[in-house]
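Asks: Kindly return the folded structure for what I paste below:
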Amino acid sequence: SAAGVLAVEGVVIPSISSTNTLTNKRVTARVLPFTSSATPTANTDNADVIYITALAAAITNMSTNLTGTPAAGDQLEYWIVDNATPRAISWGASFTAGAAALPTTTTTSKPLHVYFERDPANTSWFCQYSASDL
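Replies: Okay, the predicted model is just below:
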């Protein structure tokens, strides 16, 4: 260790406070899976992808049980699959249309993929992509 840089046999070891560039490394998304809920519970400090399966009720407000301390530029994805019946989705105050409109309903038995980025002012999740895949 010299001048705050950790090294083993000449190889620099990145630390929490370093600004080292990582190359050829994988970041595994934190997936939060659960089934149907009218007000899904999600903490953005613990999840990058929220996967809702067998949705059996309309989502009345996606923001109600949304917690966490996101930073500007953070990313959040939702994958939502209904139970063979289209379901309405209300996003609430935490979400805003961005490059893409906020979807208002699922498509029967097709995964709805919605991608968000936290806005630069860190006030809302902006919808950047929305489509019923497959």
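Asks: Give me the below-cutoff pLDDT ranges for the chain.
Replies: Along the chain, the model assigns pLDDT under 70 to residues 1-4, 134.
Asks: Quick check, central residue of it?
Replies: Geometric centre of the chain, nearest residue: residue 76, 1.8 Å, by C-alpha atoms, centre = their mean.
Asks: can I assume it is in contact with residue 119?
Replies: No - in this structure, residue 76 is not within contact of residue 119 by C-beta atoms under 8 Å, at 11.9 Å. For every residue, glycine as well, the C-beta is placed using N, CA and C.
Asks: just to revisit the earlier point, count the residues that sit near the closest residue to the residue nearest to the centre of the chain other than its chain neighbours.
Replies: Closest residue to residue 76 apart from its sequence neighbours, by C-beta to C-beta, 6 or more residues apart in numbering: residue 116 at 4.5 Å. Other residues near residue 116 come to 26 when the count uses other C-beta atoms under 10 Å.
Asks: Where does residue 116 fall, secondary structure wise?
Replies: strand 112-118 (DSSP states H and E).
Asks: Only the C-alpha atoms, please, for that strand, written as CSV.
Replies: Extracted C-alpha coordinates of strand 112-118, given in CSV (Å, rounded to 0.1, in the frame of the first residue of the first chain):
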residue,chain,number,x,y,z
LEU,A,112,-44.4,-6.3,-20.3
HIS,A,113,-40.9,-4.9,-20.1
VAL,A,114,-40.6,-1.3,-18.8
TYR,A,115,-37.2,0.3,-18.3
PHE,A,116,-36.6,3.4,-16.2
GLU,A,117,-33.7,5.7,-15.5
ARG,A,118,-33.6,8.1,-12.5
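Asks: Quick one: list the elements packing against it.
Replies: Applying 3 or more C-beta pairs under 8 Å, 6 or more residues apart in numbering; DSSP states H and E, one finds that strand 112-118 contacts strand 75-82, strand 125-132.
Asks: got the angle between that strand and strand 125-132?
Replies: Counting by axes from the mean of the first three to the mean of the last three C-alpha atoms, to 10 degrees, strand 112-118 lies at 160 degrees to strand 125-132.
Asks: Alright, I will stop here.
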